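Q: build the 3D model from these lines:
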Amino acid sequence: MSSTATRQHASVRAEINYAGEIEGRAVFDAVDPSRTNLAFVPHTVEIHDARPFQDELSLDREGFQLVSHTSSVVHSTDLAELDRVYHQEMAELIKQVSGAREVVVQRSGLVLRTSERAQERVGTTPARFAHLDYTRTSAEQFRDSVLTAEGAEPAPYSRYVIYQAWRATSTPPHDSVLALVDATTVGEQDTRLFYGVFGPEGAPMSLLEAQLGLASADHRWLYFSDMTPDEVILFKGFDSDSSRATGVMHTAFDDPMSRTGSPRASIESRFFAFFD
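A: Numbering: from 1, shown residues only. I've put the predicted structure just below:
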């Protein structure tokens, strides 16, 4: 099945890695990997192509949406240029789409990835387990750190949101694709905390909370087939308003319909948006 028209109305069955049995506190330790104790169990799930109903998806309900957007530096791998130009492009887009009063860049959230099949590696490989990148605690830590680093002092706000932007920069079809879970199908019982260690004990931002996904038949997994570099997925990392979608579980998966597809290259970025 090679035509875009056919692919866009298909669902696929693929393996998703959910959290397995972990004794005690779940830890990913970048300082001393021997202390990492994360465990995962693959589950075969149905992942629906959201193309046919992409206009029905909402940032505040499902937690994500696909947006058309052309970047002037989309194929650049120059991190300084991406920081200077791409971040500004995306901040303006997020302000336009979300209606936020002010958007501040989380510069540490700029990540380039290439899939394992790439002959030349740029950045890191895709994350292949169901997870959410923030909790309320770590969102507040990042918010305070980002505002300090940027010298930003937002006017009083009633709500803030972390938006994550994901864009494929390679030519479709891609061998590895981003899958996301409709936030309305995820309950508090479907995640467990894990802790990332990124520096010596007591250093700022050295210990951060995130969430692992636990398997549930209720999860509605979605993806967007054959994304082009002129499209970007915006999804929530965290929303301080708990009456809306507060975060989106996501992972990379191997698209069985694109086994001969090109190695995926992508760019990720993260932003804090402040609302009156």
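Q: give me the residue at the spatial middle of the chain.
A: Gln164 (5.6 Å; C-alpha atoms, centre = their mean).
Q: how about that residue, what does it touch?
A: Listed by C-beta atoms under 8 Å, 6 or more residues apart in numbering, the contact set of Gln164 reads Gly109, Asp133, Leu234, Phe235, Lys236, Gly237, Val248, Glu268, Ser269, Arg270. All C-beta spots, glycine's among them, are computed from the backbone N, C-alpha and C.
Q: what's across from it in the sheet?
A: Gln164 has these beta-bridge partners by DSSP bridges: Phe235, Arg270.
Q: how deep is the closest residue in space to Glu116 that isn't next to it in sequence tucked in, by neighbour count?
A: Closest residue to Glu116 apart from its sequence neighbours, by C-beta to C-beta, 6 or more residues apart in numbering: Thr125 at 5.6 Å. Neighbourhood size, Thr125 [other C-beta atoms under 10 Å]: 15.
Q: kindly report the same for Glu56.
A: 10.
Q: state the distance from it to Gln65.
A: Noted for Glu56: a distance of 9 Å to Gln65, by C-beta to C-beta, to the nearest Å.
Q: and the helices in the protein?
A: Secondary structure of the chain by DSSP state H: the helices cover 4-7, 79-81, 87-98, 136-150.
Q: which one of these is the most hemmed in?
A: Across those, averaging neighbours per residue (mean count of other C-beta atoms under 10 Å) puts helix 87-98 on top, at a mean of 18.
Q: what's it packed up against?
A: Contacts defined by 3 or more C-beta pairs under 8 Å, 6 or more residues apart in numbering; DSSP states H and E place helix 87-98 against strand 64-68, strand 102-114, strand 159-168, strand 231-239, strand 265-275.
Q: ok now it, how far from the chain's centre?
A: Centroid separation between helix 87-98 and its chain, computed with C-alpha atoms, centre = their mean, to the nearest Å, is 16 Å.
Q: pLDDT of it, averaged?
A: Throughout helix 87-98, pLDDT has a mean value of 98.
Q: the inter-axis angle of it versus strand 159-168?
A: Per axes from the mean of the first three to the mean of the last three C-alpha atoms, to 10 degrees, the angle that helix 87-98 makes with strand 159-168 is 120 degrees.
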